[in-house]
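A.B. asks: No letters, just coordinates:
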């Protein structure tokens, strides 16, 4: 064991201990100390393990940075214990300290501790406070297993663990049926991705076993420090299997990182509390797919076909989700689609072969998207848990800190220099336009993905302008016009979507004021957040310090983080020694020629164009054609609001198709075949019994006659045999 | 001993057995059926004894094998008589029980197991 990194297991152990404390003692402490003090203590105990983990992670990172660049990827694994061991296979519990894993550790623990701090205030009115932090701490522990594990199987444990925690947290307010459904949707859609990931892992084992001699007969087959040094030769010898394995791994990444066919769980996942959206569904868990592609990048470097698929799907998702964001009225949904879109950007970079740029965007995106989510949480908190942007307006006056930190996040995601998003986005566009890795024959998919990315960048700037101006600026304070009880009591209830908002503003929702009253009766004294309602008398207040301190910290990171990391190839050389990939060599992120010269003006221009277009429409606030009356909406925006029908079609196909399939199996196979077979056996037995029944006449004399006949028959037979033998 | 031929014994046995078998089949009174069964058993007994006697008589020299078959023929008759006595005891008990229950012993009416 390398003593430099001997503290690293603690990074995982601390949140795990925190999880146990919250789960086993939390309720008792809160009861013993009273809600206020008890929640303060448990909140502190929830933040502390993550913050300590960050300190340890920082120490480990500095220790790693002191090593020579080539040695950073060859530190000895930290062995914890043996796990699976049979025949020629050995899968131990080991941790790997290398620049990639430690980068993720810093993001998870750093942003994680800020979000935990924020959540202590955001969830303060929640009755089941410790249950929330139980899940949140467990999530961090699993996420760290995912990134620190030294083999694919440990990564898979973390992968499934974070999926579980995501499910639990989306369904945190499980008494509302819509939230429970959203949680189920996330879990079920992710199973499709996990199917791909497991098959990919099995296929990698197959390739490794076929090329065993190249591994020198090593037993720790799936450990990175065994595979990666020989990966180029091993996987290079099996191009077809490598491409299939890479594609299957990408299916896993598509599920976890919400890419096109499987993205549909992420918008629904906004049903969870906002800190969860910030931590899990923006900053950490959804980037696991990008992490996976970076970790197993050799497979993708060796397979241009897989890279084409990655880049194309990433580009399509980025564009598609950016378009959908225009039709959203819920502030968190805008951010959710923006997350899907930005994840698409990361996959464009990975498809183009610039894996480190993907990680760079993961990092900067973690800064500004966590900031935006936490800011939206602060707005929601101030607006009595109403999430509809049509009820906001001119909040800058009331929430100055939230507004200006979020404004920094907005400029960062829009790609305005010199904020964080500008550097990573420019790197992505440069890699896509300049690289020629994602290419089949003469057709350079990466090039077109780059143009799609540029268009998306302009769209991003525009819909983020829409969100910012609808929320913080404009001429009207629209919540003053909201009639009492207009808003759902369930502020975070997402599943109603647009159908139920189609009502006119004056059509009060009396008809279904509590649409889920069947499932949840509020006790009058229950301390639960749903009790506020937004109406004209409401005055928004700035959030407490434990909520704005994380905002300020993330705001500072969003402003300078990207600039600092990109100085002198700092992030590039940290992840890729000397900037040279094993197979691809140096991947240019600055294209040559005219495009190279135009790249920076173009990406700045796209951002400014988007912002100006957004300002032109939303400067005064909510345009009348985006109000409560959906029929006045532009058809494009209306269909964007419904995800262009994709979600409904998918759910219909999956749910109704599944039902049809099941019904077909039931009627055709079960009733038609299996039941017929079983019943047929019984029928045959019955019929033969019916026939034989007639022999049982009940007359003893008949039985006697039969016995006699039998005896005579037997004797006759003996005589006949005897005669044949010549005895008579 | 040499006045009656073997075939006469066998003929008598056959007659008795046939009478018994026909009686068992055609009569409805269980007591008579029992008597007919006894007839059949005794027909068989007679046949056994006749064969035993004749194999002993015609064997001449009393070899060990002949001696054994003579004894075996006689022994099996004792067995049959013992079994017949037991059978009558059990059978009459059953008939008594049935009579107590139904006040009737017509065997054609004992048809609870009819299919």
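C.D. replies: All right, it came through fine. Note that the structure is predicted; figures quoted are calculated from it, not measured.
A.B. asks: which ones are touching residue A:139?
C.D. replies: Contacts for residue A:139 were tallied using C-beta atoms under 8 Å, 6 or more residues apart in numbering or on different chains; they are A:161, A:162, A:165, A:166, A:169, A:279, A:280, A:285. Any C-beta I mention is one placed from the backbone N, CA and C, and that applies to glycine too.
A.B. asks: quick one: which two of those are the most distant?
C.D. replies: For these, the maximum inter-member distance is 14.4 Å, found between A:161 and A:279 (C-beta to C-beta).
A.B. asks: neighbour-wise, which of those two wins?
C.D. replies: Taking neighbours as other C-beta atoms under 10 Å in any protein chain shown, residue A:161 and residue A:279 compare with residue A:279 leading, 33 against 18.
A.B. asks: Is that one in a helix, a strand, or coil?
C.D. replies: Here residue A:279 is recorded as helix under DSSP: H, G, I helix; E, B strand; the rest coil.
A.B. asks: so is the residue nearest to the spatial centre of chain B in a helix, a strand, or just coil?
C.D. replies: Geometric centre of chain B, nearest residue: residue B:41, 0.3 Å, by C-alpha atoms, centre = their mean. At residue B:41 the chain is in helix, as set by three-state DSSP.
A.B. asks: Please determine how far it is located from chain A.
C.D. replies: As judged by C-beta to the nearest C-beta, to the nearest Å, residue B:41 and chain A stand 14 Å apart.
A.B. asks: so who does that residue touch?
C.D. replies: By C-beta under 8 Å, 6+ apart, residue B:41 lies in contact with B:20, B:80, B:84.
A.B. asks: just checking, next helix/strand downstream of the worst-scoring helix or strand of chain A on mean pLDDT?
C.D. replies: Least confident helix or strand, chain A: helix A:497-501 with a mean of 39, by mean pLDDT, DSSP states H and E. The helix or strand immediately downstream of helix A:497-501 is helix A:545-566, counting by DSSP states H and E.
A.B. asks: In terms of secondary structure, what does that next one contact?
C.D. replies: Applying 3 or more C-beta pairs under 8 Å, 6 or more residues apart in numbering or on different chains; DSSP states H and E, one finds that helix A:545-566 makes contact with helix A:99-122, helix A:355-382, helix A:400-414, helix A:420-434.
A.B. asks: Determine the longest helix present in chain B.
C.D. replies: helix B:64-102 (DSSP state H).
A.B. asks: The contacts of residue A:139 also near chain B: which ones?
C.D. replies: Among these, not one lies near chain B by C-beta under 8 Å from any C-beta of the partner chain.
A.B. asks: would TSV of those residues with secondary structure be doable?
C.D. replies: TSV is the format used below for the contacts of residue A:139 (three-state DSSP):
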residue	secondary structure
A:161	helix
A:162	helix
A:165	helix
A:166	helix
A:169	helix
A:279	helix
A:280	helix
A:285	helix
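A.B. asks: any idea which of these is closest to residue B:6?
C.D. replies: Nearest to residue B:6 among the contacts of residue A:139, counting by C-beta to C-beta, is residue A:161 at 98.6 Å.
A.B. asks: any idea which element the closest residue to the closest one other than its chain neighbours lies in?
C.D. replies: Leaving aside its sequence neighbours, residue A:161 sits nearest to residue A:142 (C-beta to C-beta, 6 or more residues apart in numbering or on different chains; 3.0 Å). Element membership for residue A:142, per DSSP H and E: helix A:129-148.
A.B. asks: now that helix, how far from the centre of its chain.
C.D. replies: Distance, stretch centre to chain centre, for helix A:129-148: 15 Å (C-alpha atoms, centre = their mean, to the nearest Å).
A.B. asks: again, but for stretch A:354-362
C.D. replies: Relative to the centre of its chain, stretch A:354-362 is centred 18 Å away, using C-alpha atoms, centre = their mean.
A.B. asks: so the helix holding residue A:142 versus helix A:99-122, what angle?
C.D. replies: Relative orientation of helix A:129-148 versus helix A:99-122 (axes from the mean of the first three to the mean of the last three C-alpha atoms, to 10 degrees): 170 degrees.
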